[in-house]
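Asks: Quick one: sequence plus predicted model below, questions after.
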Amino acid sequence: MAGTLWFQTAVLLCFLRGALGAGARLYTEEDPLVILSSSSLKPTVSNSSSAWLVQFYSSWCGHCIQYSSTWKALAQDVKDWDQAIGVAVLDCAQEENFDVCKEYGIHFYPTFRYFRAHGRPDDQGTTYRGADREIQTVRQLMVNFLQNHTKLDWPDLCPPLEPYSSAELLPLLGQRSDHYTAVIIEEPDSYVGREVILDLLQYSGVVVRRALAADRPLLDTLGVTAFPSAYLLLPNGTHTQLAVQKRLRFFFSSLLRLLPGVQRRARRGGGGDGGHTGALTGRPSSEAWRDFDSSQVYLADLESALHYLLRVELATHSTLEGEELKTFKDFVTIVAKLYPGGGSVVKLMDTLLEWLLSLPLDRIPYQAVLDLVDNKMRISGVFLGAELRWVGCQGSRVGLRGYPCSLWTLFHVLTVQHDAMPNALENTALEDEAAPVLQVMRRYIRTFFGCEQCGRHFEQAAADSLHRVQSREQQIVWLWNQHNMVNNRLAGSLSEDPLFPKAPWPSPALCASCHEEKDGVHVWNQENVLSFLRKHYGAGNLSPKYSVTPQHLPAPPAPPSRPQEDRLGGGRGGRAGAGGGGGAGGEKQPEKTRGAEEQPAAPQQVERTAVQEAAGLSGGAGPAGGAGPAGGAGPAGGAGPAGGAGRGGVWALALGFNSVDMSLCVLLYVCSCLFLMLLFFFFRVRSRRWKLRHNRPFV
Ligand SMILES: Cc1cc2nc3c(=O)[nH]c(=O)nc-3n(C[C@H](O)[C@H](O)[C@H](O)COP(=O)(O)OP(=O)(O)OC[C@H]3O[C@@H](n4cnc5c(N)ncnc54)[C@H](O)[C@@H]3O)c2cc1C
């Protein structure tokens, strides 16, 4: 008893210590800065190839706590400058750092110290004492500090920040080169040019120079009249002024990064934890490149996502039960109700949902799901292409982009669809959730997503802030914001495709009105971002080009026509009826509003018979039946999903009838009728003759 009490106390103390310790950490490894300690400070800042800006703080200092978000935002803002000047922190409140903070004479918190590149080991840095510690001021001080370096101690990889003259620049006009040269022409006190130079520091294929607005020969030759302006010298020798919607640093940098052939250089030791992506993507290097428009969303990517998810990622689970089964049902529900793409995919998901909901089982063999996904029972109009065909998600080489890209895309589309069709989840178990799409995504990523580390990150983000999402609009914006945080974290990592560098999205080229500047710092116009997302991921922006789902599916062998076929049509509310046909105009409406004109033409009307049979039979395969999908896989069933014998009987009966079988049945039925009619006439004629024969003596 005493032992148990001791153990519980120890566990509680450990937990409290962990919680307090975690709470005291203002900065974590997730932040885009370097966390220094007594042992790493000197080796990092002395004789370094780059300059450093270090904040010495104390984790108990209230101001430091409040200021930490600004410091993180600054670090994010200048993340791409780190080969010229790095941003770091050191916590003087940590016992192990007491001595080093004393040695560096840190008396107040926070203290900002600049360390020159190639500094001596005894260099204790230069303290910045200004009162203004806002991002723009500190950023400009960083530029000034870099410019204070001499030629001798200039940071190795920092490009020149001084303005170029017309005498140096004009001879470049008309010259061919292996890179672009961008010249930012600006007033002398403007920082835009120098900031853009540093923003592009990690990119190859483009060189940025700065020139001054006072340089008349340059302005006259180039015809530049407004400042700041960017003038572009192309590799083929031509030159032109760069058209930007707003003359802001963010716009110049974003446009230059997106020039064809401009790529982020691979970082030495660049981290990134998306090691899974290589295994997930499927573009063989021999596959032809598919031209696409980045302002569109491609159905082929969504279909490939579902194909991979249903046939590969989930198929690693031989059975689904408990939390996994619930997550799967919820996922199928949101896709069935909200997926805007091709009719046959929706019909597949509807069918799957119909079947899952009708199963009174808490464990199903995944093979049964696969049979449905592969449409083994040949239900008319149900189809999901079994091919990875990345378009907007294709990578420049095998192992990049692909599935994770398409999964993001799918969930963005679903959040926007939920906003466009607020009642779509009515009468489902999800209708009362505040952010159903995100909750289902969270559960899916946690339960099934192959990249475990990604799942942990996403779960952490969801645990921190998902509870604040209370509306459909917030749902869209939360996912966008979360995705951008992941983009920021992964920029420059090994999983980044150099052809598609990770950057804040949407770029100014996609949505200029989404971007603004406040106090010299880039800010998002959230309202415009929301309308952009609604349009970009809306049904009207889905392109069927390259779609894996054929425009017209080959007709399966004609089943016997049955007029009142759609017995399930009105069964459930919302989208359940969407695929059911049934003739009611109201039921067809949703199909149309989901961008029907862009979708591949829906195949024939859905024959729901087999699904009904599946549903009906699986009901029959309950406790008494002992067969069916559960029977084979159930705890008592003995045989695993692959065992299939027990499952086979009823499963075949449930879904194994194909159209040929049905035709034979009808033929048999007709023959039996004819035979019975023949018998009837035969006996009638015989009885007449018999009567005649017996009646003759009386005549
Ligand atoms: C939930 C989730 C978590 C992940 N976590 C990690 C992780 O922790 N570590 C890791 O290494 N990898 C992670 N990944 C993978 C990583 O985010 C990328 O998907 C992968 O590196 C492929 O990147 P990409 O260049 O194709 O663009 P992606 O980031 O996959 O983006 C796909 C497309 O979405 C659009 N887009 C980009 N940003 C946004 C935005 N903010 N809002 C809306 N649309 C946008 C663009 O058109 C882009 O092409 C995660 C993936 C998912 C689905």
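Replies: It's in. The model shown is predicted, which means the values in this text are computed figures rather than measured ones.

Asks: What distance do you get for the residue nearest the centre of the chain to Leu348?
Replies: In the chain, the centroid-proximal residue (CA atoms, centre = their mean) is Trp408; its distance is 1.4 Å. For Trp408, the distance to Leu348 (CB to CB, to the nearest Å) stands at 22 Å. All C-beta spots, glycine's among them, are computed from the backbone N, C-alpha and C.

Asks: do the same with Leu36
Replies: 54 Å.

Asks: now do Pro43
Replies: Taking CB to CB, one finds Pro43 at 58 Å from Leu348.

Asks: The two: which has the busier surroundings?
Replies: Leu348 (28 against 11; other CB atoms under 10 Å).

Asks: Tell me, how many residues neighbour Ser471?
Replies: Ser471 has 11 nearby residues by other CB under 10 Å.

Asks: Would you confirm that Trp289 contacts Gln394?
Replies: Yes: assessed by CB atoms under 8 Å, Trp289 is found in contact with Gln394 at 7.1 Å.

Asks: and the two? which has more neighbours close in?
Replies: Taking other CB under 10 Å, Trp289 and Gln394 do not tie; Gln394 has more neighbours (27 against 8).

Asks: The stretch 401-550 of the chain: helices as residue ranges?
Replies: Per DSSP state H, counting those that start in this stretch, the stretch 401-550 of the chain carries helices over the ranges 403-420, 436-447, 452-465, 472-490, 526-536.

Asks: Please name whichever of those is nearest to Asp132.
Replies: helix 472-490 (25.2 Å; CB to CB).

Asks: And that closest one, how far out from the chain middle?
Replies: Centre-to-centre, helix 472-490 and its host chain are 9 Å apart (CA atoms, centre = their mean, to the nearest Å).

Asks: Please list the residues outside it that contact it.
Replies: Contact with helix 472-490 is made by 30, 32, 76, 79, 272, 274, 408, 411-412, 415-416, 418-419, 422, 435, 437-438, 441, 457-458, 461, 465-466, 468-469, 496, 502-505, 526, 529-530, 533-534, 537, as judged by CB atoms under 8 Å, 6 or more residues apart in numbering.

Asks: could I get it in CSV with only the CA atoms?
Replies: What follows is helix 472-490, C-alpha atoms only, in CSV (Å, rounded to 0.1, in the frame of the first residue of the first chain):
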residue,chain,number,x,y,z
ARG,A,472,-17.2,26.7,-41.1
GLU,A,473,-15.2,29.8,-42.1
GLN,A,474,-12.8,29.3,-39.2
GLN,A,475,-12.5,25.7,-40.3
ILE,A,476,-11.2,26.8,-43.7
VAL,A,477,-8.9,29.4,-42.3
TRP,A,478,-7.5,27.2,-39.5
LEU,A,479,-6.4,24.5,-42.0
TRP,A,480,-4.9,27.1,-44.3
ASN,A,481,-3.0,28.6,-41.4
GLN,A,482,-1.9,25.2,-40.1
HIS,A,483,-0.7,24.3,-43.6
ASN,A,484,1.3,27.5,-43.8
MET,A,485,3.0,26.8,-40.5
VAL,A,486,4.1,23.4,-41.8
ASN,A,487,5.3,25.1,-45.0
ASN,A,488,7.4,27.5,-42.9
ARG,A,489,8.8,24.7,-40.8
LEU,A,490,9.8,22.6,-43.8
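
Asks: That helix and the ligand in contact?
Replies: Yes: on the criterion CB under 6 Å from any ligand atom, helix 472-490 is in touch with the ligand at Trp480, His483, Asn484, Val486, Asn487, Leu490.

Asks: Distance check, the second one against Asn47.
Replies: Shown here: His483 relative to Asn47, a distance of 39 Å by CB to CB.

Asks: which stretches of the stretch 451-600 of the chain form strands?
Replies: Using DSSP state E, counting those that start in this stretch, the strands of the stretch 451-600 of the chain run over 515-518, 521-524, 542-543.

Asks: Tell me which of those strands lies nearest to Arg686.
Replies: Across the strands of the stretch 451-600 of the chain, Arg686 has its closest neighbour in strand 542-543 (70.3 Å, CB to CB).

Asks: Quick one: list the elements packing against that closest one.
Replies: Packing partners of strand 542-543 (3 or more CB pairs under 8 Å, 6 or more residues apart in numbering; DSSP states H and E): strand 297-298, helix 299-308.

Asks: now those in JSON lines, with distance to the ligand?
Replies: Formatted as JSON lines, those follow (distance: least, CB to the nearest ligand atom, whole Å):
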{"stretch": "strand 297-298", "distance to the ligand": "8"}
{"stretch": "helix 299-308", "distance to the ligand": "9"}
